[in-house]
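[1] sequence and predicted structure below; questions after.
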Amino acid sequence: MQMSKVVRFAAIMNLMRPIIVFDFDGTLTETDIGRALCERYADPGWQGPIRQWLSGEISFPEAQQRIWKTITVSGTELLAHAMTIGQLRRGAEHLFEAARAGAVDLVLASGGFDLYIEPVLGDRIKELRHFFYNHLQFSDRGIDAVFPHGDLACKSCGVCKGKVIERYLAPGQRVLFCGDGSSDRCATTTAGEIFAVTGSDFAEYCRINDVKHTAFDDFGTVLSEALR
Ligand SMILES: [Mg+2]
Ligand SMILES: [Zn+2]
């Protein structure tokens, strides 16, 4: 059956729609845009705060604040580069189509930033039930990374994927999570169904820690499973 017919059928059959929670950088998009911007524009030592975060020394927001402080180019320049690398992953349009048809609910949970997330999503943002991401504030003092979702923070994350999933877990409610990176690890502590981008750090983390997961590189895989 054609994907669009499957989606329409599922929309009719699903009273309790599956919820798909997904990460943005390197998951919805092919490229981790935040990382690419840091690689290109931040201080060459930007991996230092990332290592401190991974070892538990500092939180994710603190690491991001230190890194973005070292970036001196304009928001316009950052955005221009983001848009050249902001292609969506294969099958992503099917996700939005399924949401439009009422077959699934979509929730974006990202440690990334509005500067590039909003323009890359464009009108697709209207198809999201909820979205959580962070803010880059530009001023004379440079760039401040602002994390407004304090209620979704854990000791490691600014937007904790585990806490986002838990918001939606209820009897009979399926919650699927899609991620690719180290900041997606908390998702594995919940009862969500885990999807990890093939070959990603998150897939490796799931493998090492014996977390049941499905590897994917096309959202068609996730959608088929959600509509099963
Ligand atoms: Mg990611
Ligand atoms: Zn967390």
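    Structure's in. What do you need? Numbers count the residues shown, from 1 in each chain. Ligands and ions are numbered 1, 2, ... in the order given.
[2] what packs against the strand or helix carrying Arg207?
    Following DSSP states H and E, one finds Arg207 within helix 201-208. If contacts are counted by 3 or more Cβ pairs under 8 Å, 6 or more residues apart in numbering; DSSP states H and E, helix 201-208 sits against strand 193-197. (Each C-beta comes from the backbone N, C-alpha and C, glycine too.)
[3] ok, back up a step: and the angle from the helix holding Arg207 to strand 193-197?
    Following axes from the mean of the first three to the mean of the last three Cα atoms, to 10 degrees, one obtains 120 degrees for the angle between helix 201-208 and strand 193-197.
[4] helix or strand next in line after helix 201-208, which one?
    Next along the chain after helix 201-208, taking DSSP H and E as the criterion, comes strand 214-216.
[5] quick one: contacts for Asp201?
    By Cβ atoms under 8 Å, 6 or more residues apart in numbering, Asp201 lies in contact with Asp180, Gly181, Ser182.
[6] now those residues as TSV including neighbour count and pLDDT?
    Formatted as TSV, these follow (neighbours: other Cβ atoms under 10 Å; pLDDT from 0 to 100):
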residue	neighbour count	pLDDT
Asp180	27	98
Gly181	21	97
Ser182	17	94
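[7] show me those that map onto strands.
    Using DSSP state E, no member of these sits in strands.
[8] near ligand 1, list only the ones from the residues you listed.
    Among these, proximity to ligand 1 is found for Asp180, Gly181 (Cβ under 5 Å from the ion).
[9] quick one: contacts for Val197?
    Contacts for Val197 (Cβ under 8 Å, 6+ apart) come out as Gly26, Thr27, Arg89, Cys178, Gly179, Asp180, Ala203, Ala215, Phe216, Asp217.
[10] at 6 Å what do you get?
    Val197 makes contact with Asp180 under the criterion Cβ atoms under 6 Å, 6 or more residues apart in numbering.
[11] before we move on, back to that, between the contacts of Asp201, which sits nearest Pro61?
    Proximity of those to Pro61 (Cβ to Cβ) peaks at Ser182, which lies at 14.4 Å.
[12] His135 versus the closest residue to the closest one other than its chain neighbours, what's the distance?
    Setting aside the residues directly before and after it, Ser182 is nearest to Asp201 in space (Cβ to Cβ, 6 or more residues apart in numbering), at 5.4 Å. The spacing between Asp201 and His135, counted by Cβ to Cβ, to the nearest Å, is 25 Å.
[13] do Glu93 as well
    According to Cβ to Cβ, Glu93 and His135 sit 27 Å apart.
[14] and if you look at Ile208?
    Distance, Ile208 to His135, by Cβ to Cβ: 33 Å.
[15] looking at the two, which one has more neighbours?
    Higher neighbour count among Ile208 and His135: His135, with 12 against 8, using other Cβ atoms under 10 Å.
[16] does any part of the one helix or strand that one maps to sit near ligand 1?
    Using DSSP H and E, His135 sits in strand 128-139. No. Residues of strand 128-139 are not located near ligand 1 by Cβ under 5 Å from the ion, the shortest gap being 11.4 Å.
[17] what residues does that strand touch?
    75, 105-110, 112-115, 117, 143-144, 146-147, 149, 158-159.
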